[in-house]
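Asks: Sequence unavailable; structure follows:
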DNA sequence: ACCTGAACACCGTTCAAGT
DNA sequence: ACCTGAACACCGTTCAAGT
């Protein structure tokens, strides 16, 4: 009962495709690529079944042969983004550097397609690229020597933090122009001008706030998480029994 | 040029309100409360100007006198959620416990209104409740002894982590029933059944994954962040010059 | 087997007209 | 000053009919 199994027609079973009126031969891949292009070029509001049909040169309703509904299309987009992000990544064997690189790539990949990321970062796709990513990240942690329960806990915190910040920062990049400018202005126009007697802590740090809040906090948050994980690993290695078992094991599989 | 300044009619200047056909007297507060109720009772799709008008007993177009557009209404909802979350919070003076409590409250507050949170957690409102929250959190950090640049950096990582996880977890709670069940099923039906020869790391940790992935990773991620911050503070206190200035200062202001 | 086109039940927002 | 109602330009999705 996975999402992949629910697709209207399994890709392999599909044949005898007829070109549309404009001569295009539809496919899941073509639709996902076109959707990403629409999002990129015209923003999140442009991803409608009707405009996607227009961009493909097909009747909008034809898309329902490839995706159950817009949500199903979204999951396919999410998995394609994961795939692109990790396509050319290779482990170095230094776990902390590897996780840092993976986290920053996930974040940067989302910001490269903010409109798509904000719609899809949240979702568990159960599709091929996501599965490879899970296998890779857990492999890095187990290869580093984290006992299995710690490896899974840290995997979960790491990947959800990466996806959560990716969505957060993508959302701000994907905001309509007016809203985006209004938010940037709030820090300078409002926070930087609060009087010290009513808001002493904001007033004392206003120049730091204005400088900091325009940037993503993800690199900081990532480093804090990795620091704490490293400390945890040192503890686990000093006292191997404490964490409740789990075998040491193979390295990353990719 | 803040969002508050852009409101169609400043609340104070509004007078001589006429009841609607059904006898209701509209106000910004009533509209926000009704919007939260709609979201809570009927999900994110229910928040449309038309249904909100219906629920209020007013013509949908009347709402445009109170909010510039739906985005402006969303910012008001976001600020109301922040206000509710912190309404009865008090500092204990133990910075780490205070921040942990604040983080968990922000997260729990979002999950109590998942449909509202997923729409609004991202946004900088510049409104009154948000400003109080910023002042409070920075106050906790400065009161703990973090130098100003560290206080701001950790404030930013802390609050964005809380909001990002709040939105991530709210999104999964707010998912339409079918999609939500499909995602839960993916871990049991797909990840737990991958063969060890193709996916050794997932296979070795599958039982941990199934147990862990159904819960939020936020408490773990928060503790990792606070651990690392505590370590940073210990360093700063051992070597006060290293971090580049910033005075020690007052406690939390609330 | 797959694509089309009409139809249905909705949207957000604007603006002239009412009171 | 504020609310109403019609209008405009859109949506996602379904389904009978075509090829």
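Replies: Right, received. Where do you want to start? If you're wondering where the values come from, they're calculated on a predicted model, not measured in any experiment.
Asks: which stretches of the stretch 51-200 of chain A form helices?
Replies: A:70-86, A:95-112, A:114-120, A:128-144, A:148-174, A:177-189, A:200-213 (DSSP state H, counting those that start in this stretch).
Asks: do the worst-scoring helix or strand of chain A on mean pLDDT and DNA strand C meet?
Replies: None of the helices or strands of chain A scores lower by mean pLDDT, DSSP states H and E than helix A:177-189, at a mean of 81. No: judged by CB under 7 Å from any atom of the strand, helix A:177-189 stays clear of DNA strand C, getting no closer than 10.9 Å. Using the backbone N, CA and C atoms, a C-beta is placed for each residue, glycine as well.
Asks: How far off centre is that helix?
Replies: Computed by CA atoms, centre = their mean, to the nearest Å, the chain-centroid distance of helix A:177-189 equals 25 Å.
Asks: circling back to that earlier point, export the helices of the stretch 51-200 of chain A as JSON lines, with columns for mean neighbour count.
Replies: Listed next are the helices of the stretch 51-200 of chain A as JSON lines, based on neighbours: other CB atoms under 10 Å in any protein chain shown:
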{"stretch": "helix A:70-86", "mean neighbour count": "21"}
{"stretch": "helix A:95-112", "mean neighbour count": "20"}
{"stretch": "helix A:114-120", "mean neighbour count": "25"}
{"stretch": "helix A:128-144", "mean neighbour count": "22"}
{"stretch": "helix A:148-174", "mean neighbour count": "24"}
{"stretch": "helix A:177-189", "mean neighbour count": "17"}
{"stretch": "helix A:200-213", "mean neighbour count": "20"}
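Asks: Where does pLDDT dip in the stretch 151-254 of chain A?
Replies: A:241-254 (pLDDT under 70).
Asks: can you tell me the residue of it closest to DNA strand D?
Replies: Closest to DNA strand D within the stretch 151-254 of chain A is residue A:176: 15.6 Å, counting by CB to the nearest atom of the strand.
Asks: next one: phi and psi at the residue lying farthest from the centre of chain A?
Replies: Here chain A reaches farthest from its C-alpha mean at residue A:197, the gap being 41.7 Å by CA atoms, centre = their mean. Main-chain dihedrals, residue A:197, degrees, to the nearest 10: phi -80, psi -30.
Asks: quick revisit: dump the helices of the stretch 51-200 of chain A into CSV; add distance to residue A:221 as well.
Replies: Shown next, in CSV, are the helices of the stretch 51-200 of chain A (distance: least, CB to CB, whole Å):
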stretch, distance to residue A:221
helix A:70-86, 19
helix A:95-112, 9
helix A:114-120, 17
helix A:128-144, 17
helix A:148-174, 6
helix A:177-189, 19
helix A:200-213, 13
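Asks: how about these in CSV, adding distance to chain B?
Replies: Shown next, in CSV, are the helices of the stretch 51-200 of chain A (distance: least, CB to the nearest CB, whole Å):
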stretch, distance to chain B
helix A:70-86, 6
helix A:95-112, 11
helix A:114-120, 8
helix A:128-144, 4
helix A:148-174, 4
helix A:177-189, 4
helix A:200-213, 4
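Asks: Show me the one of those that comes nearest residue B:107.
Replies: Taking CB to CB, helix A:148-174 is the member of the helices of the stretch 51-200 of chain A nearest to residue B:107, at 11.0 Å.
Asks: what helices or strands is the closest one leaning on?
Replies: helix A:95-112, helix A:114-120, helix A:128-144, helix A:177-189, helix A:218-238, helix B:148-174, helix B:200-213, helix B:218-238 (3 or more CB pairs under 8 Å, 6 or more residues apart in numbering or on different chains; DSSP states H and E).
Asks: can you give me how far the first one is from the chain middle?
Replies: It refers to helix A:95-112. So, by CA atoms, centre = their mean, the centroid of helix A:95-112 is 10 Å from its chain's centroid.
Asks: helices or strands up against that helix?
Replies: helix A:70-86, helix A:114-120, helix A:128-144, helix A:148-174, helix A:218-238.
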